[in-house]
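K.L.:
need a structure here:
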Amino acid sequence: MTFIDVHMHTGRLMVGRLPATPEILLAKMDELEIEKSVLLAVETPEELDFYVPTTEILKVCAQHPDRFIPFCSVDPRHRYPGRFDPVPILEEYVAQGCKGFGEFLVGLPINSRLSQVIYRACGKLELPIMLHMDHWIGRDKLGLLGLERMLKRFPDTVFIGHGPHFWAEISAEMRPEYRSGYPRGPVVPGGALDRLLTEYPNLYADISAGSGNNGLARDPEYARDFVTRHQDQVLFGTDFLMPGQAVPQVDTLRSLNLDPAVFAKVARQNAARILKV
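P.N.:
Residues are numbered from 1 along each chain as shown. As a prediction, the model looks like this:
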């Protein structure tokens with residue numbers, strides 16, 4: 001199969017929406033030629049209606065170890081501020097097979113003091129962390145200034161960016177409302193995302209969800225150059241989380257007519273390298 005998907009969900013996440021069972025996920029993966037998928041835990045109250053804890057993710061992945069890769073999560077607001085050490089918990093999850101941390105969905109600034117405890121632990125334990133960024137979750141100033149500070153402060157931590165604000169910064173034309181939207185039209189060169197990927201090798205870009213797909217599809221010519229330029233730091237993902245959900249990333253990526261070697265890196269090789277699978 002062609003792809004490794006760094007962003008999938010299982011379990012019941014939203015009221016009124018059917019859950020993506022392991023069987024549904026496997027069928028979608030076979031349809032899209034996805035060999036392996038990361039299953040992300042949800043352990044924060046923001047964004048979604050229900051929790052899918054790490055323990056559940058580990059159970060599902062244990063049933064299909066050749067197809068699913070478990071990520072773990074823990075809310076940094078545990079206990080009293082300044083007293084919580086996530087390392088012992090994460091060490092248990094690593095011992096049980098977790099290959100990364102996420103999805104990090106906390107309603108805190110991206111450079112929050114509480115979040116930095118998680119970033120530090122992920123660097124220590126070599127866990128890539130999947131960050132969601134919008135107007136509230138992992139929020140940041142225009143230009144991704146907070147994210148840049150974290151990239152500098154934690155050079156041993158692999159940050160995987162995802163979400164509306166992250167991908168809107170592909171363009172130098174950035175407005176506050178784009179932090180939760182899908183801006184249209186040609187990309188203006190010189191965006192913060194382009195610069196950060198160039199300057200910080202510990203930053204990766206996940207093309208999942210409507211935000212990631214829009215970041216590429218809004219300007220295919222620019223996207224082709226962008227992906228080629230950052231071919232070692234772009235990751236294929238879908239954010240598939242419910243039956244019947246559209247997954248345009250496969251067609252979008254193929255439509256860019258990338259060099260086969262570049263396509264292979266984005267489709268699977270980069271993910272295999274940072275996840276060590």
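K.L.:
could you pull out the strands for this structure?
P.N.:
For the chain, the strands defined by DSSP state E occupy 3-8, 34-39, 68-72, 100-104, 129-132, 159-162, 203-206, 234-235.
K.L.:
Turn the ones you listed into TSV, columns for distance to A121, mean neighbour count and mean pLDDT.
P.N.:
To be clear about C-beta, it is placed using only N, CA and C from the backbone, and glycine gets the same treatment. As requested, the strands of the chain are exported to TSV (distance: least, C-beta to C-beta, whole Å; neighbours: other C-beta atoms under 10 Å; pLDDT from 0 to 100):
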stretch	distance to A121	mean neighbour count	mean pLDDT
strand 3-8	20	26	98
strand 34-39	19	25	98
strand 68-72	11	25	98
strand 100-104	8	28	98
strand 129-132	9	27	98
strand 159-162	13	27	98
strand 203-206	18	26	98
strand 234-235	22	28	98
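K.L.:
Point out where the chain drops to low pLDDT.
P.N.:
For the chain, the stretches with pLDDT under 70 are 1.
K.L.:
quick one, what contacts the spatially most central residue of it?
P.N.:
In the chain, the residue lying closest to the centroid (C-alpha atoms, centre = their mean) is M130, at 4.1 Å. By C-beta atoms under 8 Å, 6 or more residues apart in numbering, the contact set of M130 is 6-7, 38, 40, 71, 100-104, 160, 162, 206.
K.L.:
Any figure for the gap between the nearest residue to F84 once chain neighbours are set aside and N213?
P.N.:
Nearest residue to F84 in three dimensions, chain neighbours excluded: H78, at 4.5 Å (C-beta to C-beta, 6 or more residues apart in numbering). Distance of H78 to N213, given as C-beta to C-beta, to the nearest Å: 34 Å.
K.L.:
Between these two, tell me which one has more neighbours.
P.N.:
The neighbour count for H78 versus N213, taken as other C-beta atoms under 10 Å, is higher for N213 (24 against 15).
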